[in-house]
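# I would like to see how this sequence folds:
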Amino acid sequence: MTGRRRSGWTRLLWAAPAALVIAIYWPALRGWYLGDDFSWLFWAQRSILSPAVLIHPDAYGYFRPVPHALTALELALHGDRPALFIGSGIALHAANATLLAVIAWLLSGRRRVGWAAGACFAVITHDWFAVPWIAGRTETCAAFFGLLSVASLIRWRQTGAPGWYAGALIAFVLTATSKESALYFWPVLIAVDLFLGRRERWWWAHVPFAVLVLGVALAEQPLHAQRLAVWRGSILDSAVRMPRNLVYVILAAASPLHTRVPDGRAAGDLALSLSGAVVLALAAAAAPRRWAWVGLAWLVIAAAPLSAMKPRFYFSWYGYGPAIAVALLAAGAMVRALDLRSAWRAALALAAAAAYVVVSLGQFVPSRRQWIANSLVLKRAAASAPTEATKVDLVNLPVGGLQGLERYFYLAYIYRDHPIPKFDVVTDPRRPPGIVAR
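The predicted structure follows:
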């Protein structure tokens, strides 16, 4: 009876990462759409009317059919309901935390390592806006299918069942078509495979993945040139290219240690960076050597695509993928500290992790509050917009966007039954936010 009761509690612990995600993110359900969401809704509506749109690049020249298809499916099923879109993003993040827990368990053979990895990932709140944001599906979808590919490859190595290998290939195709930078999961698969133990002619298993990577890379070339034509001079000073030295890779690898903070409070950002650096250093030093090796390899590989961007652009964005590796490292260190039965090591590991969680959530809560407030400003402005106006002023609206594109899609969302008016952007602290006819 005791064994059954303990087994029941053990099964419940697999739900802990997902429960933590829900506990952290459920207030975001009060929010509305923001930023790129309007272009995604526009593209989803087009996809419903003509599904062939999904096999073409989107408005920005990106080929990401999987998250776009998911958005179109959601729009078709539940209509224009922001809370359900946000809820599905939270569910995706919860699924990723659970998948990571399973992977850590499969790699270590120990349930407690899996639980710790899933819980750590749930509370890392860098790039948190990828969760409730429709446009963030590129991050969460890519991570979901990438993690599914890793888990399937591990199971194939453990069982030899060809179905698991086929599942790894299919999941990799889906992650590559969720976000082009998610191709980093191929070297991650190699690192994980080496962690499991080198076998004779082990590399043959990765040849099909290499062919897929080559195919996606070749197909991306013309799209890449198209994107550069749009982005050059606005976000990037020069063409995107891989860094000339290791410094940029190191800076990118630090991205999970940063977060967006409201009102540009650099002191809070620095506190998160320092506490995160302490956790990362302790985790790398305290985790078992092979575990630390695969965790650090995963971190650098996942951060490499970010290193092609200017530091000022990527530092406050992305980082969802590298955060997976940080959680793996932290889990290995915490469990080893507890296994050593050394009170001071256990206390040090737990104190470092607790400091990071406190600082991270301390920055996350006001940032989430600001995100919700900004989205509700757009909601109120949309509700009171003059629908018959031919010219309008967008007064103090937190839309953002590149060369007015996001503002255009925002107006396209509001005026979907009317001609889209010409607009000017007005910043005047004396006036309330809104859309005013001219």
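# Next, give phi and psi for the nearest residue to Ile435 once chain neighbours are set aside.
Distances taken as Cβ to Cβ, 6 or more residues apart in numbering place Ala385 nearest to Ile435, at 4.3 Å, with adjacent residues excluded. Just so you know, the C-beta spots here come from the backbone N, C-alpha and C atoms, and that holds for glycine as well. Main-chain dihedrals, Ala385, degrees, to the nearest 10: phi -70, psi 140.
# residue contacts, Ala385?
Shown in contact with Ala385 (Cβ atoms under 8 Å, 6 or more residues apart in numbering): 392, 414-415, 435.
# Kindly state the pLDDT recorded for it?
Ala385 carries a pLDDT value of 91.
# again, but for Ile124
79.
# what's near enough to touch it?
Residues near Ile124 by Cβ under 8 Å, 6+ apart: 256, 323, 326-327, 360.
# go with 6 Å
Ala323 (Cβ atoms under 6 Å, 6 or more residues apart in numbering).
# Who are the packing partners of the longest helix seen in the chain?
Counting by DSSP state H, the longest helix found in the chain is helix 343-383. Using 3 or more Cβ pairs under 6 Å, 6 or more residues apart in numbering; DSSP states H and E as the contact test, the elements touching helix 343-383 are helix 266-286, helix 320-339.
# With respect to the ones you listed, which exhibits the lowest mean confidence?
Within the helices and strands packed on helix 343-383, confidence is poorest for helix 266-286, with a mean of 57 (mean pLDDT).
# What lies in contact with stretch 415-428?
The contact list for stretch 415-428 (Cβ under 6 Å, 6+ apart) reads 387, 389-395, 411-412.
# how about the residues you listed in CSV, adding neighbour count, distance to Trp291 and secondary structure?
Shown next, in CSV, are these (neighbours: other Cβ atoms under 10 Å; distance: Cβ to Cβ, whole Å; DSSP: H, G, I helix; E, B strand; the rest coil):
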residue, neighbour count, distance to Trp291, secondary structure
Thr387, 13, 59, coil
Ala389, 18, 61, coil
Thr390, 12, 63, coil
Lys391, 12, 61, strand
Val392, 22, 57, strand
Asp393, 18, 57, strand
Leu394, 21, 51, strand
Val395, 17, 54, strand
Leu411, 23, 51, helix
Ala412, 15, 49, helix
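# Which of these lies at the shortest distance from Ala116?
Nearest to Ala116 among those is Ala412, at 45.6 Å by Cβ to Cβ.
# distance of that closest one from Ala130?
Distance, Ala412 to Ala130, using Cβ to Cβ, to the nearest Å: 24 Å.
# now swap in Lys391 and tell me
Counting by Cβ to Cβ, the gap between Lys391 and Ala130 amounts to 35 Å.
# cool, and Leu405?
For Leu405, the distance to Ala130 (Cβ to Cβ) stands at 20 Å.
# shaky segments in the stretch 151-300 of the chain?
220-286 (pLDDT under 70).
# ugh, typo on my part, it should be the stretch 301-438 of the chain
Along the stretch 301-438 of the chain, segments meeting pLDDT under 70 span 305-319, 338, 340-342, 345-346, 349, 352, 356, 400-404.
# how does this structure divide into domains?
12-375, 384-437 (automatic domain parsing).
# okay, those domains, which one's buried deepest?
domain 12-375 (a mean of 19; mean count of other Cβ atoms under 10 Å).
# How about the contacts made by Leu153?
Leu153 makes contact with 168, 189, according to Cβ under 6 Å, 6+ apart.
# mind checking how far the helix or strand hosting it is from the chain centre?
Using DSSP states H and E, Leu153 falls within helix 137-159. Here helix 137-159 shows a centroid-to-chain-centroid distance of 15 Å under the convention Cα atoms, centre = their mean, to the nearest Å.
# helices or strands up against whichever helix or strand comes after it?
Per DSSP H and E, the first helix or strand lying C-terminal to helix 137-159 is helix 162-176. Applying 3+ Cβ pairs under 6 Å, 6+ apart, one finds that helix 162-176 makes contact with helix 137-159.
# quick check: angle from the helix it packs on to helix 162-176?
Counting by axes from the mean of the first three to the mean of the last three Cα atoms, to 10 degrees, helix 137-159 lies at 160 degrees to helix 162-176.
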